[in-house]
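Enquirer: got a predicted structure plus its sequence, pasted below:
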Amino acid sequence: MSTHYDLAIIGTGSGNSIVDERFADRRVALLEKGTFGGTCLNVGCIPTKMFVYPADIALSAAQGGSLGVETRFDGVRWPEVRDRIFGRIDPISIGGRRWRADSNENVTLYEGHARFVDVRTLDTGTGETITADQVVIAAGARPVVPEIEGLAGVGFHTSDTVMRLERLPARMLIIGGGFVAAEFAHVFGSFGTQVTIVNRSNGLLRAEDDDLSAAFTEVARARWDVRLETVVTKAEAYDGGVRAQLSDGSTVEVDAVLVAAGRQPNSDGLDLDRTGVEVDEDGVVVVDRHQRTGVEGIWALGDIANHFQLKHVSNLEARVVQHNLLHPDDLWESRHDVVPSAVFSNPQVASVGLTERQAGERGVRHVVAQQRYGDTAYGWAMEDTTGFAKLIADPDTGLILGAHILGAQASNLLQPLVQAMSFGQTAHDVARGQYWIHPALMEVVENLLLALPAPPG
Ligand SMILES: Cc1cc2nc3c(=O)[nH]c(=O)nc-3n(C[C@H](O)[C@H](O)[C@H](O)COP(=O)(O)OP(=O)(O)OC[C@H]3O[C@@H](n4cnc5c(N)ncnc54)[C@H](O)[C@@H]3O)c2cc1C
Ligand SMILES: NC(=O)c1ccc[n+]([C@@H]2O[C@H](COP(=O)([O-])OP(=O)(O)OC[C@H]3O[C@@H](n4cnc5c(N)ncnc54)[C@H](O)[C@@H]3O)[C@@H](O)[C@H]2O)c1
């Protein structure tokens with residue numbers, strides 16, 4: 001006979017944060033097929049940023065001479081960096097697992113590949129089948145691996161494995177030109193690896209505003225070998241490394257290959273067809289604004305249930321599901337209208353809301369303001385030549401429709417603009433209604449806001 005639970009949660013990434021002391025009177029099954037804690041903790045946001053920080057230091061050291069400071073980059077002790085980072089992260093995952101498995105009396109951890117048998121029944125992949133009144137699908141996404149002849153045979157990496165490399169490769173080929181490619185090109189490039197990026201589209205970070213994508217691509221071309229509108233057609237083992245043939249007829253010889261060609265939801269591994277839970281054309285589970293699927297009692301959240309694939313979105317959705325499980329008569333909604341993101345490369349890129357092109361395509365009345373870092377006092381201090389910020393606003397109301405920043409600390413500089421958009425504050429009010437610390441880098445944002453004409457009236 002199957003064990004029955006009040007609640008079953010598939011995935012211990014954001015899904016693990018749902019169960020707190022308010023669930024003490026409910027029997028909960030947690031189902032996990034991989035490393036406890038999911039993507040962000042183990043192979044995503046957290047370790048990548050722990051690599052980006054020393055990479056920023058390495059790059060600064062290499063560039064000190066431009067400001068008249070005698071610094072240089074003398075190399076990186078890769079095993080030490082890697083082991084320091086995972087020496088901090090792995091115990092968090094292990095500790096979290098142990099706590100759930102051994103110390104939570106009402107929670108049972110099943111460590112196997114879960115699949116639906118029917119709407120209320122789950123095969124846990126451990127030999128046991130369970131039933132549950134409510135099921136939360138929080139099974140995330142995984143890297144897409146393009147079909148490339150020979151690739152499977154050459155021991156390629158994805159973001160799941162590349163941070164644990166035994167040694168720093170002398171040469172690396174990165175397939176893709178989005179978030180993962182931009183961040184790892186910075187990490188490995190700054191540490192001394194010769195990076196080649198092969199990207200299918202005609203610019204890096206193509207989802208960003210066109211001006212930012214173009215500016216980032218230009219900086220990237222100066223740092224790495226960037227091949228655009230190009231794909232790898234064949235990969236083969238060669239002299240201890242990999243030789244890749246490209247669609248432009250050239251070949252690249254490298255010591256490691258990183259596939260960074262997007263992430264696909266793990267919905268295809270759950271036998272959802274046995275439940276009636278719908279997925280869209282990208283395999284994303286369809287949910288309403290309360291995170292409910294179309295099937296009573298089945299909820300979904302995170303990378304498997306939205307197109308953002310960002311941890312702060314997964315976290316919000318987990319809080320909404322948590323509340324809604326506890327308060328079925330007072331459902332919360334997930335807010336998806338003002339969702340910022342940041343690429344932690346160098347330079348950083350951060351954005352929220354409409355791009356200029358989207359505003360045009362949607363026929364939204366808009367004005368655009370731009371502000372260069374180099375035209376602010378702190379930008380002079382940095383001798384910055386590439387950083388800029390861009391604002392798209394409604395000329396009638398002064399409300400901000402989109403904001404985009406490329407440059408140092410972009411992920412932090414964006415936040416007041418996210419706040420203004422979230423709370424409906426006008427650009428004019430935000431610019432003039434408060435002090436801005438002089439001469440902080442944040443003056444980039446102040447001047448950006450001041451550059452917009454005041455709305456009529
Ligand atoms: C390299 C990288 C860097 C990133 N950096 C950032 C960043 O800086 N900022 C940001 O906001 N976002 C970042 N992200 C995205 C962020 O990591 C994800 O949006 C977030 O972790 C998704 O959380 P989740 O709970 O939906 O899924 P996950 O954390 O992936 O959890 C899903 C869990 O479900 C398990 N699972 C899947 N299928 C099954 C099954 N059938 N049975 C049992 N268990 C199953 C998986 O093993 C996994 O542990 C990054 C992602 C990557 C890859
Ligand atoms: N800082 C962050 O928030 C952060 C960091 C990393 C990842 N993430 C999340 O993870 C998601 C996945 O990241 P990603 O970089 O893998 O995907 P992405 O969607 O950002 O970029 C994929 C890139 O690969 C290219 N591509 C696809 N197939 C290709 C092929 N066969 N050959 C060459 N290029 C190809 C695409 O043109 C695109 O440029 C992101 O969209 C983001 O949501 C977030």
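Expert: Okay, I see it. Ligands and ions are numbered 1, 2, ... in the order given.
Enquirer: tell me how far the spatially most central residue of the chain lies from Gly127.
Expert: By CA atoms, centre = their mean, the mean C-alpha position of the chain lies nearest to Leu310, the distance being 4.6 Å. In this view, Leu310 and Gly127 are 35 Å apart by CB to CB, to the nearest Å. The C-beta positions use only the backbone N, C-alpha and C, and glycine is treated the same way.
Enquirer: Ser422 too?
Expert: Relative to Gly127, and taking CB to CB, Ser422 is found at 47 Å.
Enquirer: the two - which one has more neighbours?
Expert: Set Ser422 next to Gly127 and count neighbours by other CB atoms under 10 Å: Ser422 wins out with 13 against 8.
Enquirer: would you mind measuring from the more buried one to Gln409?
Expert: As judged by CB to CB, Ser422 and Gln409 stand 20 Å apart.
Enquirer: quick one: end-to-end distance for stretch 66-74.
Expert: End-to-end distance of stretch 66-74: 17 Å, with CA to CA, to the nearest Å as the criterion.
Enquirer: and the contacts of that stretch?
Expert: With contact meaning CB atoms under 8 Å, 6 or more residues apart in numbering, stretch 66-74 is reached by Ala58, Leu59, Ser60, Ala61, Ala62, Gly64, Gly65, Ser190, Gly192, Glu383.
Enquirer: same thing but at 6 Å, please
Expert: Stretch 66-74 has contacts (CB atoms under 6 Å, 6 or more residues apart in numbering) with Ala58, Ala61, Ala62, Gly64.
Enquirer: and that stretch, what's buried?
Expert: Neighbour-count burial for stretch 66-74 flags Phe73 (criterion: 16 or more other CB atoms under 10 Å).
Enquirer: residues in contact with the closest residue to ligand 2 within the stretch 351-457 of the chain?
Expert: Ligand 2 sits closest to Ser411 of the stretch 351-457 of the chain, with a gap of 8.3 Å, by CB to the nearest ligand atom. By CB under 6 Å, 6+ apart, the contact set of Ser411 is Ala342, Gln348, Ala350.
Enquirer: filter those down to the ones close to ligand 2.
Expert: When contact is defined as CB under 6 Å from any ligand atom, the contacts of Ser411 meet ligand 2 at Ala342.
Enquirer: looks to me like Thr39 is in a helix.
Expert: Yes: assessed by DSSP: H, G, I helix; E, B strand; the rest coil, Thr39 belongs to a helix.
Enquirer: can you get me a residue count around it?
Expert: Neighbours of Thr39 using other CB under 10 Å come to 25.
Enquirer: tell me the residue of the protein that sits nearest ligand 2?
Expert: For the chain, CB to the nearest ligand atom, closest residue to ligand 2: Gly178, 2.0 Å.
Enquirer: any idea how far Pro456 is from that residue?
Expert: According to CB to CB, Gly178 stands 40 Å off from Pro456.
Enquirer: out of the two, which sits in the busier spot?
Expert: Gly178 (19 against 8).
Enquirer: buried residues in stretch 335-351?
Expert: Buried-residue list, stretch 335-351, by 16+ other CB under 10 Å: 338-351.
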